[in-house]
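>>> Got a predicted model here, sequence first, then my questions.
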Amino acid sequence: MTRHFFPLFCNGRDAVADGARTGVAVRWISACAGVMTLWCAIAMPATAQDSLPPAPYAYTQIEDPALEAKARALMETLRCLKCQSQSIADSDAPMAGDMRHQVRTRIAAGESPDEVRSWLVERYGDYVSYKPAISATTWPLFAIPLILLTLVAFVLRRRLGRAR
Amino acid sequence: MRWFRWIMLALAAALFGLFAYQLTQPKDEFVHSAMIGETIPAFDLPPAVPDRPGLSSVHLADGQAKLLNVFASWCVPCAAEAPNLARLEAAGANIVAVAIRDRPEDVARFLEAYGNPFSRIGKDDISAVQLSIGSSGVPETFVIDGAGIIRYQHLGDIRDSDVSVLLAELREAGA
């Protein structure tokens, strides 16, 4: 999780390339180094992670490009359970890698994306899927905009009718 | 038209009231398993350490209710819950475990430092069993009944107050 913030926070490469001749850049670099040290000090205990290599299909594509495209599209709509605001396609968390491995091996074995999605939903509920489905709990999300639009149309009709 | 304005005002107030209420509620960050009441999916894991056998779904359907602990040596809360796992074992619970993304030497070192309350430990290098039972992190503890049906899930480390809850759930599952 913390891994992602690192390059965002302190990508000092541009500063070095563009303005090493100016003192501003030097100050920027040393500030950057300071932030980096501090960040490492803070981040170290939080990154207690396993030392095993990623699952075989965590970072390896399926040989068949058509299947890989299917798997890829599916991975972008599945939530990483560790870093819950990212899809498993975006996350470098080991668990997201393990989930990508599941998705790729299942797609490669001939399962359809919908089957893989429902396999995960059976285990984690709707929360694991970013693709909204109409269900007993989500129907108001789809119904409310329709009701509001109808209401707006009603009000506008009355107002305009009166103005005329 | 006066009544209409008042209704709109009431609706808006109700909506903001709802926002205010939800914003002050504590957020449940845990992803709960949807597998409670389901039979544990078939799996067969090799041993994670030399001195304990591995774990398969067959062992979890041998007639005796058990605790299934999902842990890892690299997980800090897993060390924190070790004394309470020991208390559960002392109270008669049969605890089996799955070690997530872990090396045998690290697991052995962890168990030596914090104790080994487990009768079996399976080695899950790609979180396959963890994903198949709807577990979203370490540590987690499941109550599995004698028929291999998942009865209860505890998320996070086992605190002092959780020990009696887990024992009650285990008893209810037929242990």
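Ah, there it is.
>>> how near is the closest residue to residue B:79 other than its chain neighbours to residue A:152?
Spatially, and ignoring its direct neighbours in sequence, residue B:79 is nearest to residue B:114 (5.2 Å; C-beta to C-beta, 6 or more residues apart in numbering or on different chains). Any C-beta I mention is one placed from the backbone N, CA and C, and that applies to glycine too. Between residue B:114 and residue A:152 the computed distance is 62 Å (C-beta to C-beta, to the nearest Å).
>>> Neighbour count: these two, which is higher?
residue B:114 (18 against 10; other C-beta atoms under 10 Å in any protein chain shown).
>>> Can you tell me how far that one is from chain A?
Applying C-beta to the nearest C-beta, to the nearest Å, the value for residue B:114 to chain A is 15 Å.
>>> Next to chain B in this structure, residues from chain A, please.
A:45, A:48-52, A:55-56, A:81-82, A:84, A:94-95, A:98-99, A:101-102, A:120-125, A:127-128 (C-beta under 8 Å from any C-beta of the partner chain).
>>> Give me the pLDDT value at residue 100.
With no chain named, the answer covers chain A. Note for residue A:100: predicted pLDDT of 97.
>>> ah, no, chain B please
Residue B:100 is given a pLDDT of 96.
>>> Nearest spatial neighbour of the most centrally placed residue in chain B, chain-adjacent residues omitted?
Among the residues of chain B, the one closest to the centroid is residue B:140, at 2.6 Å (C-alpha atoms, centre = their mean). Excluding its sequence neighbours, the residue lying closest to residue B:140 (C-beta to C-beta, 6+ apart) is residue B:70, at 4.5 Å.
>>> Can you pull the residues of chain B lying near chain A?
Checking chain B against chain A by C-beta under 8 Å from any C-beta, the hits are B:29, B:31-35, B:72, B:74-76, B:100-103, B:106, B:125-128, B:130-134, B:136-137.
>>> So which of those are in strands?
With DSSP state E as the criterion, strands contain residue B:100 from among the residues of chain B next to chain A.
>>> Buried members of the residues of chain B next to chain A into ChimeraX, please.
Buried members of the residues of chain B next to chain A, defined by 16 or more other C-beta atoms under 10 Å in any protein chain shown, are picked up in ChimeraX with:
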select /B:31,33,34,35,72,74,75,100,101,102,103,106,125,126,127,128,130,131,132,133,134,136,137
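>>> tell me the helices in chain B, going along the chain?
For chain B, the helices defined by DSSP state H cover B:2-24, B:76-80, B:82-90, B:104-114, B:128-132, B:162-172.
>>> Which pLDDT does the model give the residue nearest to residue B:77 when sequence neighbours are not counted?
Leaving aside its sequence neighbours, residue B:77 sits nearest to residue B:157 (C-beta to C-beta, 6+ apart; 3.9 Å). On pLDDT, residue B:157 comes in at 96.
>>> Can you report how many residues neighbour residue B:157?
Applying other C-beta under 10 Å, I find that residue B:157 has 21 neighbouring residues.
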